[in-house]
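J.: Let me see the structure of the following:
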Amino acid sequence: MLLRRVEHPIGHRAMDSVNARMEPCYVLLNFPFVPMDFLGRNGIKHYRPSCLAPELFLVPPQTRPHMSGFQIISKNIWYPSWRLILGVSMAMVLRKQVRSQKQMKGTMQKALIMTSSRFEMISLFQYLAQLRQSLSYETGDVCASLFSFRDRHVMNPKLRMDNPESKVSTFKPPFSSPYDEMVVCHLKAIHFIHRENYADCFSNHLACLQAFSKDFQNNQKEDNWSLPLMVELIIDARNLSLRAARQMYRSNEAKTDEILMQCADAIMSCFRICASDTRTDIERSKRWGMLHVVNQLFKIYFKMNNVKLCKPLIRAIEGCNIKEEYTKAQLVAYKYFVGRLEMFENDYRAAEQSLLYAFHNCYPGSRRNMRLILIYLIPVKMLLSKLPSPHLIQKFQLFQFQDIAMSLRSGDVRLYNRAMNRHENFFIKTGVLLILERLKNIVYRNLFRKIVNILNTHQIDIRAFMDTLHVLGETDLDMDEVEFIVANLIHLGYVKGYISHQHSKVVISKQNPFPPLSSVI
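T.: From the prediction side, this is the model:
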């Protein structure tokens with residue numbers, strides 16, 4: 001088995017055996033599961049050879065009783081570096097400059113478990129054994145990856161079967177309930193997803209999630225080790241429901257909201273379990289999974305355009321005693337959706353604070369997420385008279401807002417209308433069209449201020465405003481409609497003054513006739 005190229009999960013760097021320095025590496029498989037105290041959060045702890053002895057590493061004492069029965073696969077495997085893939089099923093890696101078979105046998109006991117056996121496809125028995133051991137040691141991260149559709153085992157053709165009940169039932173020792181049902185449903189879902197039958201795939205995965213939630217509520221009342229598994233099942237349920245809904249929409253078989261609502265109901269049951277857990281201490285509380293579940297429900301409700309269902313979830317999170325202790329990534333996603341909801345409810349001050357928190361705390365390398373936040377933050381800022389800089393628009397490729405920002409600065413109604421017509425589909429898709437249409441009053445206000453500065457009087461003829469609008473393309477407006485626009489500006493507080501309908505004039509205040517928009521909105 002000659003390894004030419006692998007991906008390193010930390011940093012996602014690819015290493016090529018042609019360009020890198022070559023060192024011999026012996027891979028030892030069939031190694032029993034490692035105790036959890038030797039495992040990190042995402043697998044085995046990472047050690048750097050250059051920091052320790054020059055020859056190799058020593059296995060910690062607690063793992064030595066498990067080092068019987070390993071088998072040498074090959075002694076001709078060449079690997080470019082000490083970095084190996086972290087994974088689920090464990091393998092032993094012996095790394096040293098070995099000059100002979102005798103030296104290799106003498107140093108066999110000095111090994112470090114660092115990688116997985118994903119270099120080759122595992123069989124169904126190996127998959128079930130790994131899952132059984134992860135359940136025995138209650139390693140939630142490992143168990144979550146074995147049920148995840150984002151894991152490599154989904155691409156394994158040996159795990160694709162439409163009738164796995166007989167093989168799962170003959171596995172010894174057998175799985176306890178409900179994990180036997182979960183394994184069967186997961187294997188069926190793998191079979192259907194490769195057939196691109198997303199409806200049946202989603203239904204099987206939904207059954208897997210429902211079986212887990214019952215066990216999570218009844219048999220894990222004082223523990224939370226399976227929270228990573230719950231989160232992974234929920235994420236996959238949402239993704240599969242979207243695929244199934246999209247497929248059914250194309251074939252006109254059913255309404256998409258029905259599929260999404262089934263998914264939301266199953267996820268909501270997990271949320272209730274987490275929110276009602278008040279009997280255990282904080283470290284073992286299921287409340288640590290609340291924000292994960294809420295963010296997934298937000299995504300579904302926003303997709304369904306049913307945002308009113310988000311309010312009870314927000315109240316639950318705001319009343320949670322560990323709200324500030326959630327991970328930064330989850331808080332950023334939560335503030336992003338809360339900011340969008342506040343924007344739709346016309347609470348622009350609160351929306352600005354929530355979206356600013358999400359933007360400033362977002363991971364700088366995730367340009368896509370930062371761009372998504374700016375799509376809603378920029379309109380809110382513009383409504384509060386805070387225009388984006390050209391550098392920001394250029395950096396995140398948000399040229400849809402460039403002409404609108406320029407029209408707000410200059411009061412150019414023609415430029416505003418042209419930008420809204422050109423990018424209308426984008427604004428409708430992102431849901432910011434209505435808030436951008438409110439900016440037109442600000443464009444009228446800035447245009448009216450320019451007319452006042454030119455005429456240099458506090459009594460303005462409405463016909464002067466109408467003639468200016470006609471020049472800028474608003475040729476269908478008559479005197480009554482222009483008078484209505486001015487009256488609306490006075491009502492909103494953008495202009496201080498009153499209209500003399502008898503004389504067709506606008507009388508503005510001599511002191512601060514155009515107050516700052518930040519003090520009005």
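J.: secondary structure class for P174?
T.: Put simply, P174 is coil when judged by DSSP: H, G, I helix; E, B strand; the rest coil.
J.: Was I right to think it contacts V183?
T.: No. Assessed by C-beta atoms under 8 Å, P174 is found out of contact with V183, at 10.5 Å. Backbone N, C-alpha and C define where each C-beta goes, glycine included.
J.: Could you list every helix and strand in contact with the helix or strand hosting F212?
T.: Assigned by DSSP states H and E, F212 falls within helix 198-218. In terms of contacts (3 or more C-beta pairs under 8 Å, 6 or more residues apart in numbering; DSSP states H and E), helix 198-218 is packed against helix 179-194, helix 227-251, helix 256-275.
J.: Ok, which of these comes nearest Q217?
T.: Nearest of those to Q217, taken as C-beta to C-beta: helix 256-275 at 4.8 Å.
J.: Would you pull up how far the host helix or strand of F448 lies from the middle of the chain?
T.: Assigned by DSSP H and E, F448 belongs to helix 439-455. Put simply, helix 439-455 sits 42 Å off its chain's centre (C-alpha atoms, centre = their mean, to the nearest Å).
J.: Just the C-alphas of that helix, formatted as PDB.
T.: Taking Å, rounded to 0.1, in the frame of the first residue of the first chain, the C-alpha atoms of helix 439-455 are listed here in PDB:
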ATOM      1  CA  LEU A 439     -34.300  54.300   1.700                       C
ATOM      2  CA  LYS A 440     -36.100  56.200  -1.100                       C
ATOM      3  CA  ASN A 441     -37.500  58.600   1.400                       C
ATOM      4  CA  ILE A 442     -34.000  59.400   2.500                       C
ATOM      5  CA  VAL A 443     -33.000  60.000  -1.100                       C
ATOM      6  CA  TYR A 444     -36.000  62.400  -1.400                       C
ATOM      7  CA  ARG A 445     -34.900  64.100   1.800                       C
ATOM      8  CA  ASN A 446     -31.300  64.700   0.600                       C
ATOM      9  CA  LEU A 447     -32.500  65.900  -2.700                       C
ATOM     10  CA  PHE A 448     -34.900  68.400  -1.000                       C
ATOM     11  CA  ARG A 449     -32.100  69.600   1.200                       C
ATOM     12  CA  LYS A 450     -30.000  70.400  -1.900                       C
ATOM     13  CA  ILE A 451     -32.900  72.400  -3.400                       C
ATOM     14  CA  VAL A 452     -33.200  74.400  -0.100                       C
ATOM     15  CA  ASN A 453     -29.400  75.100  -0.100                       C
ATOM     16  CA  ILE A 454     -29.600  76.300  -3.700                       C
ATOM     17  CA  LEU A 455     -32.700  78.500  -3.300                       C
END
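J.: what lines up beside the helix or strand following that helix in the sheet?
T.: Next along the chain after helix 439-455, taking DSSP H and E as the criterion, comes strand 459-461. Sheet pairing of strand 459-461 (DSSP bridges) gives strand 505-508 (antiparallel).
J.: what about P174 and V183, which has more around it?
T.: Shown here are P174 and V183; by other C-beta atoms under 10 Å, V183 has more neighbours (23 against 12).
J.: Roughly how far does the more buried one sit from R422?
T.: 53 Å (C-beta to C-beta, to the nearest Å).
J.: before we move on, what about L517?
T.: For L517, the distance to R422 equals 25 Å [C-beta to C-beta].
J.: picking up where we left off before, any chance of CSV for the helices and strands packed on helix 198-218, columns distance to Y301?
T.: Below are the helices and strands packed on helix 198-218 laid out as CSV (distance: least, C-beta to C-beta, whole Å):
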stretch, distance to Y301
helix 179-194, 24
helix 227-251, 11
helix 256-275, 7
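J.: Tabulate these in CSV, adding columns for mean pLDDT and distance to L392.
T.: Shown next, in CSV, are the helices and strands packed on helix 198-218 (pLDDT from 0 to 100; distance: least, C-beta to C-beta, whole Å):
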stretch, mean pLDDT, distance to L392
helix 179-194, 95, 40
helix 227-251, 93, 31
helix 256-275, 92, 34
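J.: Please identify the buried residues of the helix holding F448?
T.: Of the residues in helix 439-455, 439-449, 451-452 count as buried by neighbour count, 16 or more other C-beta atoms under 10 Å.
J.: Contacts for that helix next, please.
T.: Around helix 439-455, the neighbours that count as contacts under C-beta atoms under 8 Å, 6 or more residues apart in numbering are 379, 382-383, 385, 404, 407-413, 416, 458, 460, 464-465, 468-469, 472, 485-486, 488-489, 492, 494-495, 508, 513-514, 517.
J.: mean confidence score for it?
T.: Helix 439-455 shows a mean pLDDT of 93.
J.: so how far is F202 from the residue nearest to F147 when sequence neighbours are not counted?
T.: Closest residue in space to F147, ignoring its immediate chain neighbours: H186 at 5.7 Å, by C-beta to C-beta, 6 or more residues apart in numbering. Distance from H186 to F202, counting by C-beta to C-beta: 13 Å.
J.: same thing with F125?
T.: Distance of F125 to F202, computed by C-beta to C-beta: 27 Å.
J.: More neighbours: which of those two?
T.: The neighbour count for F125 versus F202, taken as other C-beta under 10 Å, is higher for F202 (28 against 12).
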